[in-house]
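> here are the coordinates; sequence isn't available:
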C-alpha cells in the first residue's frame, strides 16, 4: 500500500499514469535502464542514437556503451548559452534512428532545453524522446510529448538511492538483463520502501512551494549574474540569461585556478562547485563548458537551495572580489588595466608543463608586446588550453587563429586585433 501510494504521488508530480512509473536504485540506473530498454525495443528500426553534447555523463556513458556494441551515435551541438537548436535534432534524425535523448535543463550552467519543441519533432518522425529530468523535476512537470523520462530524488532534496523511470504507454521498451518480477521488470531487486516513500513525500512537498521558491531564487540568482561582472574584472557569466533553472548561476573568472578559488570561498563559509579542469583529477575540461566554447578556468557554479536568505547572497558578493584578487595575485596575473607598449615582432610563450590558468596568464602578459596584426604562439601540453585560449580571445577581442602540432604539446596561435 505504501509503495502504491508513493507511485501515485510521484506519477501525479511527473504527469503520467501510475503504471508507467517505476522506482530505480538511482537516477543513473534510471538513465541506463531507460536508454538500453528504449534502444532494445526499437532494434528492428535501427541502432542510431541522438544525444546532445551537454548531456549528463550518465547519458553519455550509456551512449558510449551503445557505440561500443556496434550502434551509432550523433551528438547535437549547443550554442554559447548551452542550448540546443531543435532544428539540429531534426537534421540529425535518420531512417534508422531508434532513440533521441535530451536533458530538461543542464546540470552545470542551468540552461533549460527546448524539450517540447524537440519532442514534437521526434513524435512527428516516430522516434521516442528520452528526457533526463533530474535537474528540473522538483520545479515542475516536463512539457512536451516525450516517451521516456528519468530523474533522481536527491536532486529535489529527497534521499539518495532512489530514481524514477517513466515509460509512457505506446513506447516500445524491452528491459535488459535478467528478468525480475518487481517494478514491471524494469528495476530488478527489492524496493527500498522507506527511501521511496520519502522520495515521493519530498517531491510533493517541494512542488507545493515551487512557484514561490522559484520566484525568490530567480531574483537572487539574477542579482549574482548582474553584479558579479561589475564587482570582479574579467568574468564571463555563462548559461542562458532567461531560460534557466531558478537557483543555479555559473560564471568563470580569467586568470584564476578553479581549485584554489573554491578553497578560498570554502574558507569564507561558501560551498560552491566548479566545472574547471583544475578541479578534476584528470585535468580535462568540463565537457559542458567545452561544448559551449566558454572559459573553463576559474569556473564557479553557485546553487541556491530553497530558503537561501538574501543576506547570504550579499555576503557572497562581498567576499568574492577579494578572494578572486588574492588568487590572481598569487598566480601573477596581469591587472585588468595593464597594457604593455607595442614593441613589434611575434612572440612565443613556452607554457609546457604548466597547468591552467598559467598558459592564459602568460598570453595576457605579452599580447601587448606585439603590434596589431602580430601573433603570439603559446606552447602548451595542458588539454584545457584548447578551450581556454579561444575563450580568452572571445572575451578580450583578440583573434584566435588556430592550433598546430608542436615538437612538444600544441602551439596555439593568437593574432592581436587591438
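Nice, I can see it. Small disclaimer: the values here were computed from a predicted structure and weren't measured.
> Point out where the stretch 301-418 of the chain drops to low pLDDT.
In the predicted model, the stretch 301-418 of the chain carries pLDDT under 70 at residues 335-345.
> What segments of it are strands?
Listed in chain order, the strands of the stretch 301-418 of the chain (DSSP state E, counting those that start in this stretch) span 347-350, 375-380, 399-405, 410-415.
> And the stretch 51-200 of the chain, by the same measure?
Remark: strands assigned in the stretch 51-200 of the chain by DSSP E, counting those that start in this stretch are 72-76, 97-103, 129-132, 148-152, 163-167.
> Partner strands of the fourth one, with direction?
To tie it back to what came earlier, the one meant is strand 148-152. In its sheet, strand 148-152 lies beside strand 129-132 (parallel), strand 163-167 (antiparallel), with partners assigned from DSSP bridges.
> Check the second one too.
Based on DSSP bridges, the pairing partners of strand 97-103 within the sheet are strand 48-52 (parallel), strand 129-132 (parallel).
> That one relative to strand 72-76, how many degrees between them?
Between strand 97-103 and strand 72-76, the angle formed by their directions is 40 degrees, by axes from the mean of the first three to the mean of the last three CA atoms, to 10 degrees.
> Outline the domain layout of the chain.
Residue ranges for the domains of the chain, per automatic domain parsing: 2-208, 210-331, 347-415.
> Distance check, the residue nearest the centre of the chain against residue 163.
Among the residues of the chain, residue 108 comes closest to the average C-alpha position under CA atoms, centre = their mean, at 3.4 Å. In this structure, residue 108 and residue 163 are separated by 20 Å, where distance is defined by CB to CB, to the nearest Å. The C-beta positions use only the backbone N, C-alpha and C, and glycine is treated the same way.
> Same check on residue 301?
The separation that residue 301 has from residue 163, given CB to CB, amounts to 22 Å.
> What is the helix or strand where residue 32 lies packed up against?
If you go by DSSP states H and E, residue 32 is part of helix 27-41. In terms of contacts (3 or more CB pairs under 8 Å, 6 or more residues apart in numbering; DSSP states H and E), helix 27-41 is packed against helix 57-68, strand 97-103, strand 129-132, strand 148-152, strand 163-167.
> picking up where we left off before, CSV for the strands of the stretch 51-200 of the chain, including mean neighbour count and mean pLDDT?
Supplementary listing: the strands of the stretch 51-200 of the chain in CSV, determined by neighbours: other CB atoms under 10 Å; pLDDT from 0 to 100:
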stretch, mean neighbour count, mean pLDDT
strand 72-76, 18, 98
strand 97-103, 27, 98
strand 129-132, 29, 98
strand 148-152, 29, 98
strand 163-167, 27, 97
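> returning to that earlier point: so which of the strands paired with strand 148-152 comes closest to residue 46?
Closest approach to residue 46 among the strands paired with strand 148-152 (CB to CB): strand 129-132, 15.8 Å.
> pretty sure residue 398 is touching residue 415, no?
Yes - at 7.0 Å, residue 398 counts as touching residue 415 under the criterion of CB atoms under 8 Å.
> list the buried ones in the helix or strand where residue 219 lies?
In this structure, residue 219 is located in helix 210-231 according to DSSP H and E. Of the residues in helix 210-231, those buried by neighbour count under the rule 16 or more other CB atoms under 10 Å are 210, 213-214, 216-218, 220-221, 223-225, 228.
> contacts for it?
138-140, 206, 235, 237, 241, 244, 246-249, 251, 302, 304, 306-308, 310, 313, 316-317, 320-321 (CB atoms under 8 Å, 6 or more residues apart in numbering).
> which residues of the chain fall in helices?
Counting by DSSP state H, the chain has these helices, from start to end: 2-14, 27-41, 57-68, 86-92, 115-125, 193-208, 210-231, 258-267, 287-292, 310-331, 358-366, 385-396.
> what's next to the shortest one, contact-wise?
For helix 287-292, the external contacting residues (CB under 8 Å, 6+ apart) are 53-54, 57, 60, 77-82, 106-109, 238, 252, 275, 295-296, 299, 387.
> Which among the residues you listed count as buried?
For the contacts of helix 287-292, burial is judged from neighbour counts taken by 16+ other CB under 10 Å, and it is met by 53-54, 60, 78, 81-82, 106-109, 238, 252, 275, 295-296, 299, 387.
> Report how many residues lie close to the closest residue to residue 198 other than its chain neighbours.
For residue 198, the nearest residue in space outside its immediate sequence neighbours is residue 159; the separation is 5.0 Å by CB to CB, 6 or more residues apart in numbering. Burial of residue 159 is recorded as 15 neighbouring residues (other CB atoms under 10 Å).
> Then residue 270?
Applying the criterion other CB under 10 Å, we find 17 residues in the vicinity of residue 270.
> can you put the strands of the stretch 301-418 of the chain in JSON lines and add distance to residue 144 and mean neighbour count?
Compiled in JSON lines, the strands of the stretch 301-418 of the chain are given as follows (distance: least, CB to CB, whole Å; neighbours: other CB atoms under 10 Å):
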{"stretch": "strand 347-350", "distance to residue 144": "48", "mean neighbour count": "17"}
{"stretch": "strand 375-380", "distance to residue 144": "43", "mean neighbour count": "22"}
{"stretch": "strand 399-405", "distance to residue 144": "37", "mean neighbour count": "13"}
{"stretch": "strand 410-415", "distance to residue 144": "41", "mean neighbour count": "20"}
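> how far off strand 163-167 does the helix holding residue 32 point, in degrees?
Here the directions of helix 27-41 and strand 163-167 differ by 20 degrees (the same axes, to 10 degrees).
> Give me the buried positions along helix 27-41.
By neighbour count with 16+ other CB under 10 Å, helix 27-41 contains the buried residues 27-39, 41.
> okay if I get the buried residues of helix 210-231 as JSON lines plus distance to residue 381 and pLDDT?
Rendered in JSON lines, the data for the buried residues of helix 210-231 read as follows (distance: CB to CB, whole Å; pLDDT from 0 to 100):
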{"residue": "210", "distance to residue 381": "47", "pLDDT": "94"}
{"residue": "213", "distance to residue 381": "46", "pLDDT": "94"}
{"residue": "214", "distance to residue 381": "44", "pLDDT": "95"}
{"residue": "216", "distance to residue 381": "46", "pLDDT": "95"}
{"residue": "217", "distance to residue 381": "41", "pLDDT": "96"}
{"residue": "218", "distance to residue 381": "42", "pLDDT": "96"}
{"residue": "220", "distance to residue 381": "41", "pLDDT": "97"}
{"residue": "221", "distance to residue 381": "37", "pLDDT": "96"}
{"residue": "223", "distance to residue 381": "40", "pLDDT": "96"}
{"residue": "224", "distance to residue 381": "35", "pLDDT": "97"}
{"residue": "225", "distance to residue 381": "34", "pLDDT": "96"}
{"residue": "228", "distance to residue 381": "32", "pLDDT": "96"}
